[in-house]
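Chemist: Generate a structure from the sequence data that follows.
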Amino acid sequence: MRSMKRVLAAGLAAVMTVAMTAGCGKSGGSGDETYKIGILQFAEHGSLDNCRKGFLKGLEKEGIKEGDNLEVTYQNSQADTATDNQIASNFASKDFDLICAIATPSAQSAYNAVKDSNTPVIYTAVTSPEEAGFVDDNGNNVGNITGTSDMVLADQQLKLIREMMPDAKKVGIFYSTNEANSKAGIAAYEKAADQYGFEIVTQGITSSADMPMAADSLIKKVDCITNLTDNLVVSNMQTYLEKANKAKIPVFGSEVEQVKLGCVACVGIDFVDLGEQTGEMAAKVLKGEAEAKDMKYESFKEGDIIVNTAAAKKIGMTISQNILDEAEETYDEISTAE
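Modeler: Numbering: from 1, shown residues only. Below is the predicted model:
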């Protein structure tokens, strides 16, 4: 078990562009190629930021390094669908060798914008490629697009919740009614719920403005809350986390950044690792070793237990020594969102 206390990176500016240039475009000679890629990220929060960091790390691991032989144009749509589509359309007009799309809405925007040009799209943080429309009924990619899934580890998460809350009966889940992936995440929880004696209670929102009333409603009905990787929900986590803490209702995260910010625990995906895995896939496409359309999407199968003893203490919850011993990461303070 290791104890980690890392501070969240400072937030990015709204709808920002970061471009670093290395060379004058992709050349035909071997050994001195410079690649141009666009990175479109849907929202600004820790898990998606970590995907981007990991993606560049994965490329670098394969010899494609920003500032050396890689030119990156990065934009963040700040969870605005119209902005997302606009950025994707702009990317489509560029001479990019590849587009990396972070989160489902951005992956959908990017693919729709470039599918006629056949520019490869590599996505990450897409919960269900099937629900998002990237995979057909036979499990094949619908076009020149592939990537990695961040499907929630519902079975492992509910097992942890049962160990921490032996008397709990109802588990609440917030979800965005506009995000296709949330349906798949809820279905995964509902499928695993009976095994652990839980009832899943859901509460949908359509915008950030809905969250305060939605939180008040759901908190009254459940014994705890567990998070999906839903971008709209996660972007408003502090709103319902504050209300849940006052009601002494534990909130379980879906990844490490949420636990740092005050969720009591999770069995979570490491989004840096997920991004790195995605970067390695992208490197194969850039080097001409594979085509995105022929590569099956990949996903994580096992997560790490992560706990925050300060968050548990705040609501009068005791984390057993057994769980502390199992935890891969333990935090004893609550970070502040920046």
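Chemist: what comes up buried for stretch 223-241?
Modeler: 223-237, 240-241 (16 or more other C-beta atoms under 10 Å). Every residue, glycine included, has its C-beta placed from N, CA and C.
Chemist: Ok, stretch 327-338 next?
Modeler: Buried residues in stretch 327-338 (16+ other C-beta under 10 Å): 327, 328, 329, 330, 331, 334, 335.
Chemist: Most widely separated two among those?
Modeler: Greatest spacing in the buried residues of stretch 327-338, by C-beta to C-beta: 328 and 334 (18.7 Å).
Chemist: Which strand or helix spans the residue nearest in space to the middle of the chain?
Modeler: Residue closest to the average C-alpha location in the chain (C-alpha atoms, centre = their mean): residue 125, at 4.1 Å. In the assignment (DSSP states H and E), residue 125 maps to strand 121-126.
Chemist: Check the offset of that strand from the chain's centre.
Modeler: Put simply, strand 121-126 sits 10 Å off its chain's centre (C-alpha atoms, centre = their mean, to the nearest Å).
Chemist: Stretch 166-174 now?
Modeler: On C-alpha atoms, centre = their mean, the centre of stretch 166-174 falls 23 Å from the chain's centre.
Chemist: how long is it from one end to the other?
Modeler: The straight-line separation of the ends of stretch 166-174 (C-alpha to C-alpha, to the nearest Å) is 22 Å.
Chemist: what comes up buried for that stretch?
Modeler: 168, 171, 172, 173, 174.
Chemist: Who are the contact partners of the second one?
Modeler: If you count contacts by C-beta atoms under 8 Å, 6 or more residues apart in numbering, residue 171 has them with 158, 161, 189, 193, 198-201, 222-226.
Chemist: Out of those residues, which is nearest to residue 139?
Modeler: Of those, the one sitting nearest to residue 139 (C-beta to C-beta) turns out to be residue 189, at 23.0 Å.
Chemist: Next one: the nearest residue to residue 180 once chain neighbours are set aside from residue 185, what distance?
Modeler: In space, and not counting its chain neighbours, residue 180 is closest to residue 131: 4.4 Å by C-beta to C-beta, 6 or more residues apart in numbering. Separation of residue 131 from residue 185 (C-beta to C-beta, to the nearest Å): 9 Å.
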